[in-house]
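Engineer: following is a predicted model, sequence given first.
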Amino acid sequence: MLTFRTDYDKIIKILLEFIKKFSQGKEVVIGLSGGVDSALCGMLACNALGKKKVHILVMPSRYTPEADVKDALNLAKKIAHKIIFVPKIKLEKIRKSYDKVMLTTGENENIVMDAYIRNDLLRRYSRTYGYRLLGTINGSEWRLGYYPKYSL
């Protein structure tokens, strides 16, 4: 009979092997939000590849609680070789440039738009430097349909 610990150890081993295989020896980039999903992804990447191969982007939006920003930065210092902090004001400028050419239908659309912008920054960073991008989307959010489509 399997115990919780046995199952946990097997799951962690499978995840670490997947990250190693997925990265193909390259460095990885992760968007860290201060939440559980991205924190777990970051820890697994650090354990699988070592701190020197992990890059973290922290990109809070105006909706991100300050406590989450602090949590993300504190964790990033422990698990990442390079940390890039994109202040809220920079993301706001990007979103406002979209607003000039598109009609927004409300606050929910702005929240989703912020996620798309962060996703785009992560993808561009990954492509620019040839790193692998590790997505952190929550599987239950995916199944419920509460996520920015085509985002990570």
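Structural biologist: Received it, and whenever you're ready, just let me know what you need.

Engineer: contacts and neighbour counts: CA atoms only from here.
Structural biologist: Will do.

Engineer: can you list the low-confidence ranges for the chain?
Structural biologist: Within the chain, the segments meeting pLDDT under 70 span 1-4, 103-110, 138-139, 141-142, 144-152.

Engineer: which residues of it fall in helices?
Structural biologist: Under the criterion DSSP state H, helices of the chain are mapped to 4-23, 36-49, 66-79, 88-101, 107-129, 139-144.

Engineer: point out the most buried one among the ones you listed.
Structural biologist: helix 36-49 (a mean of 19; mean count of other C-alpha atoms under 10 Å).

Engineer: out of the helices of the chain, which comes closest to Leu57?
Structural biologist: Ranking the helices of the chain by proximity to Leu57 (C-alpha to C-alpha) places helix 107-129 first, at 7.4 Å.

Engineer: residues touching Arg123, list them.
Structural biologist: Leu133 (C-alpha atoms under 8 Å, 6 or more residues apart in numbering).

Engineer: now it: how far from Arg143?
Structural biologist: Taking C-alpha to C-alpha, to the nearest Å as the measure, Arg123 falls 23 Å from Arg143.

Engineer: hang on, the earlier thing: out of the helices of the chain, the one nearest Val29 is which?
Structural biologist: helix 107-129 (6.4 Å).

Engineer: specify the beta-bridge partners of the residue nearest in space to the middle of the chain.
Structural biologist: The geometric centre of the chain, computed from its C-alpha atoms, lies nearest to Gly31 (C-alpha atoms, centre = their mean), at 2.7 Å. Assessed by DSSP bridges, Gly31 has beta-bridge partners Leu57.

Engineer: list the contacts for it?
Structural biologist: Neighbours of Gly31 in contact, by C-alpha under 8 Å, 6+ apart: Ser38, Ile56, Leu57, Val58, Met59, Arg118, Leu122, Gly135, Thr136.

Engineer: can I assume the third one is in contact with Ala80?
Structural biologist: No - distance between Leu57 and Ala80: 9.8 Å, which falls outside the contact criterion (C-alpha atoms under 8 Å).
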